[in-house]
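Peer 1: please find the sequence and the predicted model below.
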Amino acid sequence: MKITSKAKLFSSVETNKSVTSIYNISINNIKNQPISLSDFKNKKILFVNVASKCGFTKQYEELQELSEAYKDRLTIIGLPCNQFGNQEPGNENDIKEFCSLNFGVTFLLTEKIKVKGYKQHPLYTWLTSEKLNGVTSSTVKWNFQKYLVDEQGKLIDYFYSSTKPLSTKITSKL
């Protein structure tokens, strides 16, 4: 099942149940090639909306460290977003180069997306809606907000930007 719009995602909502598996949501990598989230079953996934001109941009360093330290059981997916203070103005090539040159990022980066509002990407619709994820509703407040999903695709928790990637709030759940 390919989820292509927020309307489709909400059309089959059942009371107190996750409507769709996160593994059925489509997204592209930074080179505009499809990513199959189901490839990450049996690993936790940390989704982070990222930006290169933000006060939290230095978190790329800790995200890379976290990625390397827990590579056997965690996948980090950085999702560039320009919705907060226009802090991710570049195109995908600019973003990839910036991350690689400045922070040695090797973890997965996606296409630039919207994490809130009318054109919110279906992944973030799922992450922020209790009706879909079956756990809790939230609002993305700023860049570098983090969402942790377990090995079966269930939302574990989310963390605001001020929570550093190597914080025990996150690492204790890995």
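Peer 2: Sure thing, it's come through.
Peer 1: quick one: average confidence on stretch 140-150?
Peer 2: Stretch 140-150 shows a mean pLDDT of 98.
Peer 1: may I see the buried residues of it?
Peer 2: Neighbour-count burial for stretch 140-150, with 16 or more other Cβ atoms under 10 Å as criterion, is recorded at Val140, Trp142, Asn143, Phe144, Gln145, Lys146, Tyr147, Leu148, Val149. Bear in mind the C-beta positions are built from the backbone N, C-alpha and C, glycine included.
Peer 1: doesn't Leu66 fall inside a strand?
Peer 2: No. Using DSSP: H, G, I helix; E, B strand; the rest coil, the secondary structure at Leu66 is helix, not a strand.
Peer 1: next helix or strand past the lowest-mean-pLDDT helix or strand in the chain?
Peer 2: One helix or strand of the chain scores below all others by mean pLDDT, DSSP states H and E: helix 6-11, with a mean of 46. Counting by DSSP states H and E, the next helix or strand C-terminal to helix 6-11 is strand 27-28.
Peer 1: so what touches that next one?
Peer 2: Residues from elsewhere that reach strand 27-28 (Cβ atoms under 8 Å, 6 or more residues apart in numbering): Pro34, Ile35, Leu37, Leu79, Thr110, Glu111, Ile113, His121, Leu123.
Peer 1: Serialize these to a markdown table and add fields for neighbour count and pLDDT.
Peer 2: Below are these laid out as a markdown table (neighbours: other Cβ atoms under 10 Å; pLDDT from 0 to 100):
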| residue | neighbour count | pLDDT |
| --- | --- | --- |
| Pro34 | 9 | 97 |
| Ile35 | 17 | 95 |
| Leu37 | 20 | 95 |
| Leu79 | 23 | 98 |
| Thr110 | 24 | 98 |
| Glu111 | 17 | 97 |
| Ile113 | 19 | 97 |
| His121 | 23 | 97 |
| Leu123 | 22 | 97 |
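Peer 1: if we can go back for a sec, narrow the buried residues of stretch 140-150 to those in strands?
Peer 2: Lys146, Tyr147, Leu148, Val149 (DSSP state E).
Peer 1: show me the contacts for the third one.
Peer 2: Counting by Cβ under 8 Å, 6+ apart, Leu148 touches Lys44, Ile45, Leu46, Phe47, Leu155, Ile156, Asp157, Tyr158, Phe159, Ile170, Lys173.
Peer 1: first-to-last residue distance for stretch 107-122?
Peer 2: Taking Cα to Cα, to the nearest Å, stretch 107-122 runs 21 Å from one end to the other.
Peer 1: show me what the helix or strand where Ile170 lies is packed up against.
Peer 2: Per DSSP H and E, Ile170 falls inside helix 168-171. Contacting helix 168-171 under the criterion 3 or more Cβ pairs under 8 Å, 6 or more residues apart in numbering; DSSP states H and E is no other helix or strand.
Peer 1: before I go, just wanted to say thanks for your time.
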